[in-house]
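Undergrad: 3D, please:
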Amino acid sequence: MDVRIQCVVVDAHDCAKVARFWSGVLGWRITDQSDDEVVIEPPEGSPEADVAPDILFVKVPDEKIVKNRLHLDLRPKDQDVEVERIIGLGARRVDIGQSDVSWVVLADPEGNEFCVLRPLPTSSTSTAR
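TA: Model (predicted):
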């Protein structure tokens, strides 16, 4: 197939605020912004540039109500340090029914859940959570 994912779209009540949060979390740059949409992309020249899909935040009038059907999983080098850094950017811990799991569930400023996974073992290329 000659197709790729161009962007992941996230509905947001305040798309600029949520885009700034995710820009800070990922270290990505805001590349386009209007009153109704904000795009973030990996830094120019980074390994992710032109490979990872952009994230497009689109203004919607309604608030988030239920658990996300789609979410991001982040894989940091140090889970504890990254969780605290992301909380400092405006995230909060949330309980979506997880029990004793190895990942931490957080929510962005508008309540969109995402997971911060453990680092992969250095000798493994597994994508296990």
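
Undergrad: for C115, see how far away the residue positioned nearest the centre of the chain is.
TA: For the chain, the residue nearest the mean C-alpha position is L72 (5.1 Å; CA atoms, centre = their mean). Counting by CB to CB, to the nearest Å, the separation of L72 from C115 is 8 Å. Where you see a C-beta, it was placed from the backbone N, CA and C, and this is true even at glycine.

Undergrad: per-residue pLDDT, G27?
TA: Note on G27: pLDDT of 97.

Undergrad: find the nearest non-adjacent residue to it, please.
TA: P43 (6.8 Å; CB to CB, 6 or more residues apart in numbering).

Undergrad: so what's that neighbour up against?
TA: G27, W28, R29, A49 (CB atoms under 8 Å, 6 or more residues apart in numbering).

Undergrad: picking up where we left off before, does the residue nearest to the centre of the chain touch F114 like I think?
TA: Yes. With contact defined as CB atoms under 8 Å, L72 reaches F114; the gap is 4.5 Å.
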